[in-house]
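Engineer: below are the sequence and a predicted model for it; my questions follow.
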Amino acid sequence: MTGGRPFRAGFACLVGRPNAGKSTLTNALVGQKVAITSDRPQTTRHTVRGIVHRADGQVVLVDTPGLHRPRTLLGERLNDLVRGTLAEVDVVGFCLPADQRVGPGDRFIAEQLAALRPPEGTAGASAGAGTPVVAVVTKADLVGKGRLAEHLLAVQELGAWTDIVPVSARSGYQVDVLVDVLLGLLPEGPPLYPEGELTDEPEAVMVAELVREAALEGVRDELPHSLAVVVEEIVAREPREGQAGRPPVGPPLLDVRVELFVERDSQKAIVIGKGGARLRDVGTRARREIEALLGAKVFLDLHVRVAKDWQRDPKQLGRLGF
Ligand SMILES: Nc1nc2c(ncn2[C@@H]2O[C@H](COP(=O)(O)OP(=O)(O)OP(=O)(O)O)[C@@H](O)[C@H]2O)c(=O)[nH]1
């Protein structure tokens, strides 16, 4: 109990169409880079959890890939993943960017979310059962007050939300308010994770996301969804011997071996670049981020392979971790 308020803890999930600002908001809520942001849709392939620790509660955030209409097998799997996640969480935050009008993509998600509620007139419905959904109007910093008010009205008409909260992950506007609202909808109970833990995502997945982000930089139009990244291994190198029997010197060094899978030879050429220049560049940028993440010096070994039509092949999807 803090100030008479019971401690609350539970799972929250942010959904929204691609580019709605879910990953950026997750980072703002958690206060550290855990999910990967990009200017392009559908970069969040994995469910990444961030944990918000507060004196009066704990929100375990599950950041899902954008809900979208299935087009390829990969799309279907993502949607299954999303629906499975939604059914398991205590509260859903539905992100709708303020700088874009409510569109068909938002309506599609609103329908999916409505399906989480028990049908009208049933005992469950009257008892308020079902997963509460908070409409989160993201990127509020990008629009003026008038436009924001208009957008809030449009969002209100879109569905039966437990609450509507405008936020800006960029400026920090109302991020705390959103935490308050989410916390209020969680069950009373002890913390689910020890304090200080920000994410339980295996390091390898985060490393893969960093490499994927670096590899897509500047070539997203050519390789939108045709790039999968697998971390083959992360191993510590033997520390260098200290001189004359003194303890080993220098920071720890990790060998990180990563495979990038594309679908066609032409895409492989794009990733590698002329004389391997682009891949070296990708490696340098990714390595810096990985070193920051793992707190160690990293030797990053990148390999590019062609796995034909991996998006449509269940066996390949399994191998690539989907
Ligand atoms: N100005 C502004 N830009 C934002 C804000 N939040 C996110 N963005 C930008 O919007 C773009 C998309 O943000 P993401 O967080 O990657 O969106 P997402 O919903 O996770 O996207 P997917 O991974 O495709 O599902 C990025 O370029 C962000 O920098 C915000 O509060 N203000």
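Structural biologist: Yep, that arrived.

Engineer: the residue lying closest to Gly184 once chain neighbours are set aside: neighbour count?
Structural biologist: Distances taken as C-beta to C-beta, 6 or more residues apart in numbering put Arg8 closest to Gly184, at 7.4 Å, once the chain neighbours are dropped. C-betas here are computed from N, CA, C, even on glycine. For Arg8, the neighbour count with other C-beta atoms under 10 Å is 21.

Engineer: where do the strands sit along the stretch 101-250 of the chain?
Structural biologist: Per DSSP state E, counting those that start in this stretch, the stretch 101-250 of the chain carries strands over the ranges 133-138, 163-166, 228-236.

Engineer: between these, which gets nearest to the ligand?
Structural biologist: Between the ligand and the strands of the stretch 101-250 of the chain, the shortest gap by C-beta to the nearest ligand atom is with strand 133-138, which sits at 5.6 Å.

Engineer: and Glu217, how far is that from Ala9?
Structural biologist: 37 Å (C-beta to C-beta, to the nearest Å).

Engineer: now Gly93
Structural biologist: Distance from Gly93 to Ala9, by C-beta to C-beta: 16 Å.

Engineer: more crowded one of the two?
Structural biologist: Taking other C-beta under 10 Å, Gly93 and Ala9 do not tie; Gly93 has more neighbours (29 against 21).

Engineer: quickly list what the more buried one is bridged to.
Structural biologist: Leu14, Val134 (DSSP bridges).

Engineer: residues in contact with it?
Structural biologist: Listed by C-beta atoms under 8 Å, 6 or more residues apart in numbering, the contact set of Gly93 reads 12-15, 25, 133-134, 136, 178, 182.

Engineer: ok, those vs Arg170, which is closest?
Structural biologist: Leu25 (9.8 Å; C-beta to C-beta).

Engineer: tell me how many other residues surround the closest residue in space to Val175 that isn't next to it in sequence.
Structural biologist: Spatial nearest neighbour of Val175, excluding adjacent residues (C-beta to C-beta, 6+ apart): Ala28 at 5.2 Å. Using other C-beta under 10 Å, Ala28 is surrounded by 21 other residues.
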